[in-house]
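Q: A predicted structure for the sequence below; I have some questions about it.
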Amino acid sequence: MLSPDSTAAEIVAHLRALGSEESRQGMKRYGIRIDRALGISHGEQKKIAKAIKRNHERAFELWATGIAEARFIAAQTADPKRFTAQNARDWAAEFDSWDIVDGVSDLFVDTDHWTELIDEFAADEREFVRRTAFAMMAWAVVHRKKEPDATFFAFLPVIERHARDERNFVKKAVSWALRSIGKRNHALNRAALDSAGRLAASDDRSARWIGRQAVRELTSEKTLAGVSRREAAAAKRR
């Protein structure tokens, strides 16, 4: 059984024992690179991360293995307060699949450097590094509950600026970020819809796709009801 005392080598051995070639091949259907993967569900990876608990040094040992599942668990068990901006740059430079981007962006948003990293990564031309910026925006809606609206308003011009990037994994992350921001509260919903409307009217195919998708989702009754619930919950926290 794995525990907080488990070493990186013991964790990797456990992961290799759990790996499934069938699951590994199934990951291809979702556009996930499998050359570094063992074929273990995210649910199982999260259970392992919970069992071994946080250990910052061990997290870097797990990352160094290059194994996709070990890297996801590294992101779950690293200490965000000790994770530097340079650490984030180093890890992001090795991103090669959308799933690891989204899993590790969760960690990046909890660091003290998250807004600085978003600006930097959005300007980066590398596909998966740029995706990281927008995945971080989307995660921030969930993680940064006390963050002022001004931070999220400032993300909207960045979203509009990069909505013309036609690369699939960037385009989908830009869409995710815009829709997530628009679900935070009514003020951001209106602002996100303004951005979405401009994108939907664009002469660029990627921007139009992002804009139309966001307009459709952010004006739905289900979304607006959720916005009202989140706004009421936020009011209670204040």
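A: Right, received. Where do you want to start?
Q: Any regions of this protein where pLDDT drops low?
A: 238 (pLDDT under 70).
Q: rerun at 50
A: Of all residues in the chain, none has pLDDT under 50.
Q: Pop the domain breakdown of it in here.
A: Structurally, the chain divides into domains by automatic domain parsing as follows: 1-79, 84-238.
Q: Need the winner for burial among the ones you listed.
A: domain 84-238 (a mean of 18; mean count of other C-beta atoms under 10 Å). Where you see a C-beta, it was placed from the backbone N, CA and C, and this is true even at glycine.
Q: Helix or strand next in line after the helix or strand hosting residue 189, which one?
A: Using DSSP states H and E, residue 189 maps to helix 186-200. The first helix or strand that comes after helix 186-200 along the chain, using DSSP H and E, is helix 205-218.
Q: quick one: contacts for the nearest residue to residue 18 once chain neighbours are set aside?
A: In this structure, residue 18 finds its nearest non-sequential neighbour in residue 40, 5.2 Å apart by C-beta to C-beta, 6 or more residues apart in numbering. Counting by C-beta atoms under 8 Å, 6 or more residues apart in numbering, residue 40 touches 15, 18-20, 23, 69.
Q: cool, residue 61 as well?
A: Going by C-beta under 8 Å, 6+ apart, residue 61 touches residue 8.
Q: Next one: it relative to residue 205, how far apart?
A: Going from residue 61 to residue 205 by C-beta to C-beta, to the nearest Å gives 44 Å.
Q: residue ranges for the strands of the protein, please.
A: Shown for the chain, no strands are assigned by DSSP state E.
Q: just the helices in it please.
A: 8-18, 21-26, 42-52, 56-64, 68-77, 85-92, 98-108, 114-123, 127-143, 149-162, 168-181, 186-200, 205-218, 221-237 (DSSP state H).
Q: Quick one, which of the ones you listed gets closest to residue 35.
A: helix 68-77 (8.9 Å; C-beta to C-beta).
Q: what packs against the closest one?
A: Packing partners of helix 68-77 (3 or more C-beta pairs under 8 Å, 6 or more residues apart in numbering; DSSP states H and E): helix 8-18, helix 42-52, helix 56-64, helix 98-108.
Q: Distance-wise, check residue 164 relative to residue 203.
A: For residue 164, the distance to residue 203 - C-beta to C-beta - is 10 Å.
Q: cool, and residue 88?
A: From residue 88 to residue 203 the distance is 35 Å (C-beta to C-beta).
Q: Could you do residue 135 as well?
A: On the measure of C-beta to C-beta, residue 135 and residue 203 end up 27 Å apart.
Q: can you check residue 166 too?
A: From residue 166 to residue 203 the distance is 13 Å (C-beta to C-beta).
Q: what's in contact with the helix holding residue 189?
A: Here helix 186-200 makes contact (C-beta under 8 Å, 6+ apart) with 149, 152-153, 156, 159-160, 163, 178-179, 181-183, 207-208, 210-212, 214-215, 218-219, 223-224, 227-228, 231.
Q: between that helix and helix 168-181, how many degrees?
A: 140 degrees (axes from the mean of the first three to the mean of the last three C-alpha atoms, to 10 degrees).
Q: Going forward, the N-terminal residue is numbered 24.
A: Got it, first residue is 24 now, which makes that one helix 209-223.
Q: Helix 209-223: how far from the chain's middle?
A: 21 Å (C-alpha atoms, centre = their mean, to the nearest Å).
Q: Pull out the C-alpha coordinates of that helix and format them as PDB.
A: The C-alpha trace of helix 209-223 is given here as PDB (Å, rounded to 0.1, in the frame of the first residue of the first chain):
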ATOM      1  CA  HIS A 209     -23.400  38.400 -13.900                       C
ATOM      2  CA  ALA A 210     -21.000  41.200 -14.500                       C
ATOM      3  CA  LEU A 211     -18.400  38.900 -16.000                       C
ATOM      4  CA  ASN A 212     -21.100  37.100 -17.900                       C
ATOM      5  CA  ARG A 213     -22.000  40.400 -19.600                       C
ATOM      6  CA  ALA A 214     -18.400  41.200 -20.300                       C
ATOM      7  CA  ALA A 215     -17.600  37.800 -21.600                       C
ATOM      8  CA  LEU A 216     -20.700  38.000 -23.900                       C
ATOM      9  CA  ASP A 217     -19.400  41.300 -25.300                       C
ATOM     10  CA  SER A 218     -16.100  39.600 -26.100                       C
ATOM     11  CA  ALA A 219     -17.900  36.600 -27.500                       C
ATOM     12  CA  GLY A 220     -20.100  38.800 -29.700                       C
ATOM     13  CA  ARG A 221     -17.100  40.500 -31.200                       C
ATOM     14  CA  LEU A 222     -15.400  37.200 -31.900                       C
ATOM     15  CA  ALA A 223     -18.600  35.700 -33.400                       C
END
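Q: Fine by me, we can end here.
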